[in-house]
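*Asks:* Dropping a prediction and its sequence here:
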Amino acid sequence: MEEREFQKKIEYTKFMLEEYRTLRTEIINKQSILNNITNFSFAIIGVNLAAITNILVNKTNNNGDEFIMMATAIIIPLICAFAIIQYYLEFI
């Protein structure tokens, strides 16, 4: 009788360890995805801010400068919204 109970405890322990490993893997994957979302968003925002800075420092009146400024004014909020939505969806 004791042998059977001992085997049940061993199987239960194996089951719990496998459950723990699975949960740990899911947590690591989620953290990796969230880091990728954040890094991508900051990279895009940095590129756009660099374009604005370049335009403001050079102060040349090219026809493309206004387009870049308008596109950046639209892109940065969209990227921020995209990052917030992706971040939110990961936690649902």
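*Replies:* Done, it's in.
*Asks:* As CSV, could you dump the C-alpha coordinates of stretch 37-52?
*Replies:* Listed next in CSV are the C-alpha coordinates belonging to stretch 37-52 (Å, rounded to 0.1, in the frame of the first residue of the first chain):
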residue,chain,number,x,y,z
ILE,A,37,7.5,45.5,-29.1
THR,A,38,9.1,48.2,-26.9
ASN,A,39,12.5,48.1,-28.8
PHE,A,40,10.8,48.3,-32.2
SER,A,41,8.7,51.3,-31.1
PHE,A,42,11.6,53.2,-29.6
ALA,A,43,13.7,52.5,-32.8
ILE,A,44,11.0,53.9,-35.1
ILE,A,45,10.4,56.9,-32.9
GLY,A,46,14.1,57.6,-32.7
VAL,A,47,14.5,57.5,-36.5
ASN,A,48,11.6,59.9,-36.9
LEU,A,49,13.0,62.3,-34.3
ALA,A,50,16.4,62.1,-36.0
ALA,A,51,14.7,63.1,-39.3
ILE,A,52,13.1,66.1,-37.6
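*Asks:* what comes into contact with that stretch?
*Replies:* Here stretch 37-52 makes contact (CB atoms under 8 Å, 6 or more residues apart in numbering) with 68, 69, 72, 75, 76, 79, 80, 82, 83, 86, 87, 90. Just so you know, the C-beta spots here come from the backbone N, C-alpha and C atoms, and that holds for glycine as well.
*Asks:* Among the residues you listed, which ones are in strands?
*Replies:* Counting by DSSP state E, no part of the contacts of stretch 37-52 is found in strands.
*Asks:* out of the residues you listed, which are buried?
*Replies:* Buried residues within those, counting neighbours by 16 or more other CB atoms under 10 Å: 68, 72, 75, 76, 79, 83, 86.
*Asks:* May I see these arranged in a markdown table, with distance to residue 4 and pLDDT as well?
*Replies:* Formatted as a markdown table, the buried ones among the contacts of stretch 37-52 follow (distance: CB to CB, whole Å; pLDDT from 0 to 100):
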| residue | distance to residue 4 | pLDDT |
| --- | --- | --- |
| 68 | 75 | 73 |
| 72 | 70 | 78 |
| 75 | 66 | 81 |
| 76 | 65 | 80 |
| 79 | 60 | 81 |
| 83 | 55 | 79 |
| 86 | 50 | 77 |
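*Asks:* Please consider this matter closed, and thank you.
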